[in-house]
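With the input below, show me the fold.
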Amino acid sequence: MKSEMHNDILKILVTEEEIQARISEMGAELYEKFQGKNPLFLGVLKGSFVFMSDLVRACQVKSDVEFIAVSSYENAMASSGRVKITHDIQQDITGRHLIVVEDILDSGNTLAFLKEYFKTKGAASITIVTLLDKPSRRTKAITPDLAGFTVPDEFVVGYGLDYCQQYRNVPYIGVLKPEVYSH
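Presented below is the predicted three-dimensional model:
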């Protein structure tokens, strides 16, 4: 495969094949939990879009999709700790079973904020699904209900995860070379 981004990757943490196999398993788990409940898959933009498209296809239940965009990084490498909604959901979620889809659960600031936000909007249940879990960076008391992979405290990109809006289209999870982001 041709990639002008691959040279910026120090190492591959999770291969494209491993991601697809795990998403199939996750889809089956969600199917068992949500069949007959018409859940709402709610993607946290921008990072979740690649993962979410594969996840909703892997979970063959009647459902719909929605997106919310929040900001807590502002092109920095660490969360500012302040979360603001930049694009809100467009439908009433009262009584709905939400499957909140995130690319990575890192500090937990965003998902802790969103979980409270969706509770106040009347969600019947909130299930947090993340492709990657980085518990070593957690500052909020929040854990995913379903996680694809646990990753070490390294700067990961690919499969939706970015550095300055780049590398989202890398088909695997890789560790970015420090010289790419340290200048």
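
Lys115 - how many residues pack around it?
Using other C-beta atoms under 10 Å, Lys115 has 17 neighbouring residues. Just so you know, the C-beta spots here come from the backbone N, C-alpha and C atoms, and that holds for glycine as well.

Who's the closest spatial neighbour of it, skipping the chain neighbours?
Once flanking residues are discounted, Lys115 sits nearest to Ile126: 5.5 Å by C-beta to C-beta, 6 or more residues apart in numbering.

any idea which helix or strand carries the spatially closest residue to Gly108 that is not a sequence neighbour?
Leaving out its chain neighbours, the residue that sits closest to Gly108 by C-beta to C-beta, 6+ apart is Lys140, at 3.4 Å. For Lys140, there is no host helix or strand (DSSP states H and E).

and Lys140, how far is that from Ser53?
From Lys140 across to Ser53, the span is 27 Å (C-beta to C-beta, to the nearest Å).

and what of Tyr117?
Tyr117 is 24 Å from Ser53, where distance means C-beta to C-beta.

Quick check: next helix or strand after the longest helix seen in the chain?
Longest helix in the chain by number of residues (criterion: DSSP state H): helix 16-34. On the C-terminal side of helix 16-34, the closest following helix or strand by DSSP H and E is strand 40-45.

Relative to the whole chain's centre, how far out is the helix or strand that that next one is followed by?
Per DSSP H and E, the first helix or strand lying C-terminal to strand 40-45 is helix 49-58. Here helix 49-58 is found 10 Å from its chain centre; the criterion is C-alpha atoms, centre = their mean, to the nearest Å.

quick one: the strands in this protein?
For the chain, the strands defined by DSSP state E cover 9-14, 40-45, 64-71, 84-87, 97-105, 125-133, 146-150, 156-157, 173-176.
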